[in-house]
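Peer 1: next come a sequence and a model predicted from it.
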Amino acid sequence: MTIKGILFDLDGTLLETTPLIICSFQHAFTTVYNRPIAESDVFSFFGKPLRAAMEALGPDKPEELLQAFREYNLAHHDEMVTIFPDIETTLAELEAAGLKLAIVTSKVSKTARRGLALFDLEKYFSLIIGLEDSLHHKPDPEPVLTALSLLGLAPEECLMVGDSPFDILSAHRAGVEAAAVCWSHVDWNEVLAAKPEYILSNIRQLKEICKLL
């Protein structure tokens, strides 16, 4: 069946937020525990809600960690977030071709919109599914199923694009095929283990997958 919609993860997929996220974690753990945290520990939680990461990495002080993280993140967000190559032009072409585009992220919608606004990207999306829009989060299928329902599309009519195994697993559990971006900072073996149907070395490859070329 022809693809009629694409669901995008945000961080690490459309926007390069990794330096900001790493620095925010380091600030939080230095502030609360007076010690840094290994980047590998942070990467293992990419694609999952921030609270889940803090409860796992600092179970005795998750609230303090969340507060310190958010203070740093909000203060440095606009200066540190960048956009990956060819994102804006590809989104414009996909939308012009009639595809329904949506964001499915583990961030709260307000913060997701702030990132999109930096590069005037929100206009391309029919829908933003944030943390507050589902009870269960990636790798649970609920966020993807919610997006499908609101877009009025069947699973086989959609594609999920993301940078973590949680994106891929969430898509598969909802009956949606997935494309993994190779600019992911997550362990690539873990991404491949989730068995994405497509690998993107450049976002423009979506046009070929959607048969727009």
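Peer 2: Right, received. Where do you want to start? Residues are numbered from 1 along each chain as shown.
Peer 1: so where is this protein shaky, pLDDT-wise?
Peer 2: Residues of the chain meeting the criterion pLDDT under 70: 1, 213.
Peer 1: can you give me the strands in it?
Peer 2: Secondary structure of the chain (DSSP state E): strands at 5-8, 15-16, 82-83, 100-104, 127-129, 158-162, 177-181, 198-200.
Peer 1: show me what contacts the nearest residue to Asp133 once chain neighbours are set aside?
Peer 2: Counting by Cβ to Cβ, 6 or more residues apart in numbering, Thr146 is the residue found nearest to Asp133 once chain neighbours are left out, at 6.1 Å. Every residue, glycine included, has its C-beta placed from N, CA and C. Contacts for Thr146 (Cβ atoms under 8 Å, 6 or more residues apart in numbering) come out as Ile129, Asp133, Ser134.
Peer 1: next one: Leu148
Peer 2: Leu148 makes contact with Gly5, Ala154, Pro155, Cys158, Ala174, Val176, according to Cβ under 8 Å, 6+ apart.
Peer 1: can you redo those as TSV with neighbour count and distance to Glu63?
Peer 2: Output for the contacts of Leu148, formatted as TSV (neighbours: other Cβ atoms under 10 Å; distance: Cβ to Cβ, whole Å):
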residue	neighbour count	distance to Glu63
Gly5	23	37
Ala154	13	41
Pro155	17	37
Cys158	26	36
Ala174	22	32
Val176	25	34
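Peer 1: which of these lies closest to Arg35?
Peer 2: Ranked by distance to Arg35 (Cβ to Cβ), those are led by Ala174 at 38.9 Å.
Peer 1: and the closest one, what are its phi and psi?
Peer 2: The phi/psi pair for Ala174 (degrees, to the nearest 10) reads phi -100, psi 0.
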